[in-house]
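1. Dropping a prediction and its sequence here:
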Amino acid sequence: MSKNRPPSQRQLKAGELIRRALAEILAKENLRDADLQGVSVTISEVRASPDLKHALVYAAPLGGGDMDKVIAALQRCGSFLRGRLGKEMEMKSTPRLKFVADRSFDTAEDMAKLLDQPKVKQDLT
């Protein structure tokens, strides 16, 4: 995806459809990977390429956990998830999935801690 151009409506719509379908698949399926056993995964965003052949999937273990381990496990299950996605969605072609750690939750938590500091609170009032 071009760094200068925002995603098109088509890309945004496809990304949201993929996100919902993946979240549903992960909730229903019992994945065999040991690193995903008993782990709830949240899919926060999916960014589709302009040709919709690739999708960047931002994911994180719900409630914390070993982020890198979970992302690696999702990557290993990528072809299985892509196959299930192809059955769930009506798209010309099913995009290749690349899982990326979503660190935005960590950033939000850091911001909340920062805003909770007495010196910062004093400036906010």
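-> Yep, that arrived. Note that the structure is a prediction, hence the values are computed from the model and not measured.
2. Could I get the pLDDT score of residue 105?
-> Residue 105 carries a pLDDT value of 66.
3. next one: residue 108
-> Looking at residue 108, its pLDDT is 65.
4. can you give me how far the lengthiest helix in the chain is from the chain middle?
-> Looking across the chain with DSSP state H, the single longest helix is helix 9-28. Mean-position distance between helix 9-28 and its chain equals 9 Å (C-alpha atoms, centre = their mean, to the nearest Å).
5. CA atoms only for it, dumped as PDB, please.
-> Extracted as PDB, the C-alpha positions of helix 9-28 are listed here (Å, rounded to 0.1, in the frame of the first residue of the first chain):
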ATOM      1  CA  GLN A   9     -13.500   2.600   0.700                       C
ATOM      2  CA  ARG A  10     -13.100  -0.800  -1.000                       C
ATOM      3  CA  GLN A  11     -10.000  -1.600   1.100                       C
ATOM      4  CA  LEU A  12     -11.600  -0.400   4.300                       C
ATOM      5  CA  LYS A  13     -14.800  -2.500   3.700                       C
ATOM      6  CA  ALA A  14     -12.800  -5.600   2.800                       C
ATOM      7  CA  GLY A  15     -10.600  -5.100   5.800                       C
ATOM      8  CA  GLU A  16     -13.500  -4.900   8.100                       C
ATOM      9  CA  LEU A  17     -15.200  -7.900   6.600                       C
ATOM     10  CA  ILE A  18     -12.000  -9.900   6.900                       C
ATOM     11  CA  ARG A  19     -11.600  -8.800  10.500                       C
ATOM     12  CA  ARG A  20     -15.100  -9.900  11.500                       C
ATOM     13  CA  ALA A  21     -14.800 -13.200   9.700                       C
ATOM     14  CA  LEU A  22     -11.400 -14.000  11.300                       C
ATOM     15  CA  ALA A  23     -12.700 -13.000  14.800                       C
ATOM     16  CA  GLU A  24     -15.600 -15.400  14.300                       C
ATOM     17  CA  ILE A  25     -13.300 -18.200  13.000                       C
ATOM     18  CA  LEU A  26     -10.900 -17.800  15.900                       C
ATOM     19  CA  ALA A  27     -13.800 -17.900  18.300                       C
ATOM     20  CA  LYS A  28     -15.400 -21.000  16.800                       C
END
